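> got a sequence here, can you build the structure:
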Amino acid sequence: MADVLSQSEIDALLNGINSGELDAAELQQTDEKKVKEYDFARPAKFSKEHLRTLEIIHEHYGRLISTTLPLYVRKNVNVAVANSETVTFSEFSNALSNPVILGIVNFQPLQGTILLEVQSNLGFAFIDRMLGGEGTAIEKARPFTDIEMPLIQRLVDICMNLMIEPWGNVIGISPTLERIETNPQFAQVISPTDMIAIVTLNIKMGDTEGLMNVCLPYFTLESIMDRLNTKYWYSTMQRGGDDHYEEHLESLIRRVEIPLRAVLGSCHISVNDFIHLQRGDIIRLDNHLTNDMKLYVGSIYKFDALPGTVRDNYAVRVTSVVREEEDEHGRDAITG
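Got it, this is the predicted structure:
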């Protein structure tokens with residue numbers, strides 16, 4: 001109910017209007033309530049705080065990609081978060097090109113799926129590099145062949161598995177790749193009107209530059225929306241930065257696989273002898289069977305070992321450890 005003015009207040013208002021001190025139009029505007037527009041077709045389910053937290057998560061994710069992907073392509077890879085926004089799934093799917101690399105990922109233990117969209121030029125550059133090329137993208141886009149699709153799946157698997165660590169401060173996830181679609185018409189896994197958050201990463205692989213979009217539906221993240229804030233994020237990081245961090249890091253390093261190579265001996269032969277080698281020919285090595293052989297960890301000469309067998313399998317027994325300051329002949333290396 002509106003306030004009732006007294007007779008003195010009414011007289012004061014009339015006098016103010018007659019004298020020009022008050023404007024009737026201004027008085028009418030002050031009585032009007034300010035109405036904020038709300039689009040029921042696109043409800044704002046992701047706040048700015050949610051988007052900021054998602055950007056922090058994917059900044060960490062981008063750093064992992066930039067350090068892991070060079071191990072496969074043997075080129076520098078730079079990744080940066082370009083932007084984040086909320087749109088409907090129909091707007092996202094209508095903007096997709098054809099062909100497209102669209103990985104549909106089951107985001108366990110959360111319900112629903114997320115989408116990893118990689119531009120086709122990055123996919124062709126990755127394929128070219130994995131097959132021994134310079135890592136350049138093709139000028140005109142074309143559909144991916146059956147031979148190229150396993151390499152594309154390898155690329156998506158790498159990107160998918162790297163998401164586990166950045167999301168660890170929010171929830172422990174075990175993502176699995178359901179399938180890869182190259183035609184956006186076959187990737188309608190979300191209702192067209194559902195709201196999604198898109199985090200765009202700019203990836204530069206050598207001379208090739210493209211975008212990767214991480215599509216996060218509200219339906220999938222609904223159960224953990226209260227955790228998508230910077231306060232929860234930093235408190236979780238602080239709890240995780242205790243003495244157990246070193247033990248966790250050590251446990252991760254211990255699971256890394258490294259190649260081990262045992263060299264029985266070597267020799268030098270002419271090109272002519274090599275060309276005419278046949279089955280049954282004998283090549284004489286420079287090391288005797290009873291002498292120590294060199295054991296390499298990766299490309300580093302690390303151990304001396306004796307050859308043998310264990311249960312009908314070839315094996316070696318380590319006899320000594322080569323110090324870092326020794327060369328391959330067991331002598332102290334000269335530095336200076």
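> buried residues in stretch 216-227?
Neighbour-count burial for stretch 216-227, counted by 16 or more other C-beta atoms under 10 Å, picks out 216-221, 227. (Each C-beta comes from the backbone N, C-alpha and C, glycine too.)
> out of these, which are inside strands?
Judged by DSSP state E, those include 216-217 as members of strands.
> next, format the buried residues of stretch 216-227 as a markdown table and append pLDDT and distance to residue 289.
A markdown table is the format used below for the buried residues of stretch 216-227 (pLDDT from 0 to 100; distance: C-beta to C-beta, whole Å):
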| residue | pLDDT | distance to residue 289 |
| --- | --- | --- |
| 216 | 91 | 61 |
| 217 | 89 | 64 |
| 218 | 88 | 68 |
| 219 | 87 | 66 |
| 220 | 88 | 61 |
| 221 | 87 | 63 |
| 227 | 81 | 63 |
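> need the buried residues of stretch 216-227 in JSON lines (columns: distance to residue 194).
Formatted as JSON lines, the buried residues of stretch 216-227 follow (distance: C-beta to C-beta, whole Å):
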{"residue": "216", "distance to residue 194": "11"}
{"residue": "217", "distance to residue 194": "6"}
{"residue": "218", "distance to residue 194": "7"}
{"residue": "219", "distance to residue 194": "6"}
{"residue": "220", "distance to residue 194": "10"}
{"residue": "221", "distance to residue 194": "12"}
{"residue": "227", "distance to residue 194": "20"}
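> pLDDT below threshold where in the stretch 151-300 of the chain?
Counting by pLDDT under 70, the ranges of the stretch 151-300 of the chain that qualify are 232-245, 248.
> please repeat the previous calculation with a cut-off of 90.
Where the stretch 151-300 of the chain drops to pLDDT under 90, the residues are 165-173, 179, 181-196, 205-210, 217-270, 272-277, 279-300.
> for the longest helix belonging to the chain, buried residues please.
Ordering each helix of the chain by length in residues (DSSP state H) puts helix 48-68 first. Buried residues in helix 48-68, counted by 16+ other C-beta under 10 Å: 50-51, 53-54, 56-58, 60-62, 64-66.
> between these, which sits nearest residue 206?
Distance to residue 206 across these (C-beta to C-beta) is lowest for residue 66, with 12.6 Å.
> which one of the buried residues of stretch 216-227 is nearest residue 154?
Taking C-beta to C-beta as the measure, residue 216 is the one of these closest to residue 154, at 23.2 Å.
> how about the nearest residue to the closest one, chain neighbours excluded?
Once flanking residues are discounted, residue 216 sits nearest to residue 197: 4.6 Å by C-beta to C-beta, 6 or more residues apart in numbering.
> quick revisit: let's have the buried residues of helix 48-68 in CSV, adding distance to residue 79.
Below are the buried residues of helix 48-68 laid out as CSV (distance: C-beta to C-beta, whole Å):
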residue, distance to residue 79
50, 22
51, 18
53, 19
54, 15
56, 14
57, 13
58, 9
60, 11
61, 8
62, 4
64, 9
65, 5
66, 4
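> in a markdown table, list these along with pLDDT and distance to residue 303.
Listed next are the buried residues of helix 48-68 as a markdown table, based on pLDDT from 0 to 100; distance: C-beta to C-beta, whole Å:
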| residue | pLDDT | distance to residue 303 |
| --- | --- | --- |
| 50 | 86 | 53 |
| 51 | 87 | 53 |
| 53 | 88 | 48 |
| 54 | 89 | 48 |
| 56 | 89 | 44 |
| 57 | 89 | 42 |
| 58 | 91 | 42 |
| 60 | 90 | 37 |
| 61 | 91 | 38 |
| 62 | 91 | 39 |
| 64 | 91 | 32 |
| 65 | 91 | 35 |
| 66 | 90 | 34 |
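> which phi and psi does residue 301 have?
Backbone geometry at residue 301, expressed as degrees, to the nearest 10, gives phi -70, psi 110.
> would you mind naming the residues that bridge with it?
Residue 301 forms beta bridges with residue 296, as assigned by DSSP bridges.
> what's the burial count for it?
Neighbour count for residue 301, taken as other C-beta atoms under 10 Å: 17.
> what ranges do the helices span in this structure?
With DSSP H as the criterion, the chain has helices at 7-19, 24-31, 48-68, 70-73, 89-94, 120-130, 149-161, 218-221, 230-240, 244-254, 271-275.
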